[in-house]
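>>> From the sequence below, what's the structure:
(one chain, ligands or ions: 2)
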Amino acid sequence: MAVPPRVPRSSPDGSTPVRVLTVAGSDSGGGAGIQADLKTMLALGAHGMSVITAVTAQNSLGVQCAWELPAEAVRAQFRSVADDIGVQAVKTGMLATAELVETVAAQLADLSAPVVVDPVGVSKHGDPLLATEALDAVRTKLLPTATVATPNLDEVAQLTGVRVESEDDQRRAAGAVLAHGPRWALIKGGHLPGGDAVDLLTDGTEEHWLRAPRHRNRHTHGTGCTLAAAIATYLAGGYEVPAAVTAAKEYVTGAIAAGFPLGAGIGPVDHGWLSERT
Ligand SMILES: Nc1ncnc2c1ncn2[C@@H]1O[C@H](COP(=O)(O)OP(=O)(O)OP(=O)(O)O)[C@@H](O)[C@H]1O
Ligand SMILES: Cc1ncc(CO)c(N)n1
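Numbers count the residues shown, from 1 in each chain. Ligands and ions are numbered 1, 2, ... in the order given. Coordinates of the predicted model:
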């Protein structure tokens, strides 16, 4: 198994340490959302910060309840972090409502740091994490701010209408996502059948097919959040997009292989797997 690097101790501007922000929902079970993101950032050697958009009561069986925060609370958290500590990359995850999508997009539009948009729509159990009325704001306000957008196949279908069943479809889906303005699209094939988990990264010119062995482990709670947070961490550390996504894929693949049972349902990936290796 490839062992991904940790980011350098100091960030590209010479300051220490690399600082990454996640704007996402809290997962009480600790496997996805804010908790997955902060663990990923720590594992890869960065200082993680958080803007909490929503609180979920969630475990290995699904999302039992969710409450979004007021837009003012989201804006205030963002300003506190950006104005004082400084942000070298941002990852967005669960944004819950159209108002929060617009609030976050407005903050991102003024930021010069790279942005990874994980357009979270539903949880692994099918529980909604984004209001259907918010899809338009994701397309028109959030995706244009993205350096990389990382939809899974359900999110691609929701956002673009493209149904993906093959690698050719992944290419068409990427074109449809790029039409909404992100610089790069990563179309994750984790939900496709096949011996490998294959993701397509493209900016419309370059194509990178990222392949990793599909692990038969059912403890995959938090895969999408972990991948997007790792990409943001590597971008904050000065990596170019293809190198950042390649290293992030190595990190999530190892975390899936090491995922463990907790609760009666789908357990979390192991964010700490690297510390066993190095
Ligand atoms: N069983 C598996 N073995 C190896 N890699 C996997 C497996 N399942 C998913 N992946 C990879 O994990 C990453 C996340 O993809 P996935 O499609 O699971 O995201 P997601 O559906 O957004 O996750 P989430 O359920 O957290 O929302 C991708 O790189 C994908 O290829
Ligand atoms: C809070 C949160 N964000 C994202 C996901 C995606 O799976 C989840 N299950 N929970």
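>>> tell me which residues of the helix or strand residue 156 falls within are tucked away?
In this assignment (DSSP states H and E), residue 156 forms part of helix 153-160. Within helix 153-160, the residues that count as buried by 16 or more other C-beta atoms under 10 Å are 153, 155-156, 158-160. For the C-beta atoms, the positions are set from N, CA and C on the backbone; glycine is no exception.
>>> How about stretch 135-148?
Neighbour count says stretch 135-148 has 135, 137-139, 141-148 buried, by 16+ other C-beta under 10 Å.
>>> now those residues as a markdown table including secondary structure?
Formatted as a markdown table, the buried residues of stretch 135-148 follow (DSSP: H, G, I helix; E, B strand; the rest coil):
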| residue | secondary structure |
| --- | --- |
| 135 | helix |
| 137 | helix |
| 138 | helix |
| 139 | helix |
| 141 | helix |
| 142 | helix |
| 143 | helix |
| 144 | helix |
| 145 | helix |
| 146 | coil |
| 147 | coil |
| 148 | strand |
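>>> and the residues you listed, which two are the farthest apart?
With distance counted by C-beta to C-beta, no two of those lie farther apart than 135 and 147, which are 20.9 Å apart.
>>> Now the most centrally placed residue in the chain: phi and psi?
Against the mean C-alpha coordinate of the chain, by C-alpha atoms, centre = their mean, the closest residue is residue 228 at 2.7 Å. The main-chain torsion angles of residue 228 are listed as degrees, to the nearest 10 and equal phi -70, psi -40.
>>> and the residue lying closest to residue 249 once chain neighbours are set aside, what helix or strand is that in?
What sits nearest to residue 249 in space, not counting adjacent residues and going by C-beta to C-beta, 6 or more residues apart in numbering, is residue 210, at 4.8 Å. Remark: residue 210 resides in strand 207-213, with elements defined by DSSP H and E.
>>> Which strands and helices lie in contact with that strand?
Secondary structure elements in contact with strand 207-213, counted by 3 or more C-beta pairs under 8 Å, 6 or more residues apart in numbering; DSSP states H and E, are strand 196-202, helix 241-257.
>>> Checking the nearest residue to residue 139 once chain neighbours are set aside next. Helix, strand or coil?
Of all residues not flanking residue 139 in the chain, residue 180 sits nearest, at 5.1 Å (C-beta to C-beta, 6+ apart). When states are read from three-state DSSP, the local structure at residue 180 comes out as coil.
>>> which residues sit in contact with residue 180?
When the contact criterion is C-beta atoms under 8 Å, 6 or more residues apart in numbering, the partners of residue 180 are 139-140, 143-144, 149, 159-160.
>>> farthest-separated two in those residues?
Among these, 144 and 160 lie farthest apart (C-beta to C-beta), at 14.6 Å.
>>> circling back to that earlier point, export the strand holding residue 210 to PDB, keeping only CA atoms.
Backbone C-alpha positions of strand 207-213 (Å, rounded to 0.1, in the frame of the first residue of the first chain) are rendered in PDB as follows:
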ATOM      1  CA  GLU A 207      -7.200  13.700 -17.600                       C
ATOM      2  CA  HIS A 208      -5.900  11.800 -14.600                       C
ATOM      3  CA  TRP A 209      -7.400   8.400 -13.800                       C
ATOM      4  CA  LEU A 210      -6.800   7.500 -10.200                       C
ATOM      5  CA  ARG A 211      -7.100   3.800  -9.500                       C
ATOM      6  CA  ALA A 212      -6.900   1.900  -6.200                       C
ATOM      7  CA  PRO A 213      -7.800  -1.600  -5.200                       C
END
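>>> So in that sheet, which strands flank that strand, and in what orientation?
strand 196-202 (antiparallel) (DSSP bridges).
>>> then the partner strand to PDB, C-alphas only?
Extracted in PDB, the C-alpha atoms of strand 196-202 (Å, rounded to 0.1, in the frame of the first residue of the first chain):
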ATOM      1  CA  ASP A 196     -10.800  -1.000  -8.500                       C
ATOM      2  CA  ALA A 197     -12.200   2.200  -7.100                       C
ATOM      3  CA  VAL A 198     -11.500   4.500 -10.000                       C
ATOM      4  CA  ASP A 199     -11.800   8.400  -9.800                       C
ATOM      5  CA  LEU A 200     -11.500  10.800 -12.800                       C
ATOM      6  CA  LEU A 201      -9.700  14.100 -12.200                       C
ATOM      7  CA  THR A 202      -9.900  16.600 -15.100                       C
END
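>>> got the contact list for that strand?
Under the criterion C-beta under 8 Å, 6+ apart, residues 148, 167, 170-171, 174, 178, 184-190, 192, 207-214, 241-242, 245, 249, 253 lie in contact with strand 196-202.
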